[in-house]
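Student: Sequence plus predicted model, see below.
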Amino acid sequence: GGHGADLHARAQSLRTAVFAGNDVGGTCVNRGCVPSKALLAASGRVREMRDSAHLESLGIQVDADAVQYSREGIAAHAKNLANRVKGNLEASLVGL
């Protein structure tokens, strides 16, 4: 994307300009890759916590029926992660 291209160009001592719409980072950071991977990671943790046989083989005992999660909390985590990545991108671009 534009950020990576800008970093590469700057390393070559080239001057650059980056134009962004409302959402720095585009679809990947704000609605696609980053939030999707956060949701997949959370669902993976829930699945792992429900695999009591596997956990017992590691010396961990859990009640698989007691694993609970909040869809809203997981969605908020995904949004917070995307916002943090977006903020880091914005700060990096300003620093260039």
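Tutor: Happy to help now that I have it. Residues are numbered from 1 along each chain as shown.
Student: so Gly26 sits right up against His3, yeah?
Tutor: No - checked against Cβ atoms under 8 Å, the pair Gly26 and His3 is beyond contact range at 9.6 Å. Every residue, glycine included, has its C-beta placed from N, CA and C.
Student: Kindly state the pLDDT recorded for Cys33?
Tutor: With respect to pLDDT, Cys33 scores 91.
Student: can you pull the contacts of the residue nearest the centre of the chain?
Tutor: Centroid check for the chain by Cα atoms, centre = their mean gives Val34 as the closest residue, at 3.7 Å. By Cβ atoms under 8 Å, 6 or more residues apart in numbering, the contact list for Val34 reads Gly25, Cys28, Ala78, Leu81, Ala82, Val85.
Student: What of Val24?
Tutor: Taking Cβ under 8 Å, 6+ apart, we find Val24 in contact with Lys86, Leu89, Glu90, Leu93.
Student: Now Ala5: closest residue in space that isn't a chain neighbour?
Tutor: Thr16 (7.7 Å; Cβ to Cβ, 6 or more residues apart in numbering).
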